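Engineer: quick one, what's the 3D model for this:
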Amino acid sequence: MHPTSTTILSVILIIVYLILSIVIFALSIYAFILFIKLANRGIRALDIYIGEKEGHAKGDYYINSNKYENY
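Structural biologist: Numbers count the residues shown, from 1 in each chain. This is a model prediction of the structure:
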């Protein structure tokens, strides 16, 4: 192999590595956002469950004075 072909191959590998790194980083941010949404939905469901077990009327679920809507 000539030095120029080795250089071109290394540049191509670096570019592929950078693209894969950016894609993995973006997917990890997306997964984190989905996890936050899932956790929020789980907390809301738990609040509704606790409210029903305590005998509150439907729609009267409060946490920190914020009223949750019925979903």
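Engineer: name the element Lys37 belongs to?
Structural biologist: Counting by DSSP states H and E, the element that carries Lys37 is helix 3-53.
Engineer: list the helices and strands that helix packs on?
Structural biologist: With contacts taken as 3 or more Cβ pairs under 8 Å, 6 or more residues apart in numbering; DSSP states H and E, helix 3-53 sits against no other helix or strand. C-beta: built from backbone N, CA, C; applies to glycine.
Engineer: so how far is that helix from its chain's centroid?
Structural biologist: How far helix 3-53 lies from its chain's middle: 7 Å, per Cα atoms, centre = their mean, to the nearest Å.
Engineer: tell me the mean pLDDT over stretch 6-15?
Structural biologist: Mean per-residue pLDDT for stretch 6-15: 92.
Engineer: then that stretch to PDB, C-alphas only?
Structural biologist: Only the C-alpha atoms of stretch 6-15 are listed here, as PDB (Å, rounded to 0.1, in the frame of the first residue of the first chain):
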ATOM      1  CA  THR A   6      -3.300   4.500   3.900                       C
ATOM      2  CA  THR A   7      -4.000   8.200   4.600                       C
ATOM      3  CA  ILE A   8      -7.200   8.100   2.600                       C
ATOM      4  CA  LEU A   9      -8.300   4.900   4.400                       C
ATOM      5  CA  SER A  10      -7.600   6.400   7.800                       C
ATOM      6  CA  VAL A  11      -9.600   9.600   6.900                       C
ATOM      7  CA  ILE A  12     -12.500   7.500   5.800                       C
ATOM      8  CA  LEU A  13     -12.400   5.500   9.000                       C
ATOM      9  CA  ILE A  14     -12.300   8.700  11.100                       C
ATOM     10  CA  ILE A  15     -15.300  10.100   9.200                       C
END
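Engineer: who touches that stretch?
Structural biologist: Under the contact criterion Cβ atoms under 8 Å, 6 or more residues apart in numbering, stretch 6-15 has no outside partners.
Engineer: going by neighbour count, list what's buried in that stretch.
Structural biologist: By 16 or more other Cβ atoms under 10 Å, stretch 6-15 has no buried positions at all.
Engineer: Ile33: neighbouring residues, count only.
Structural biologist: Counted with other Cβ atoms under 10 Å, the neighbours of Ile33 add up to 10.
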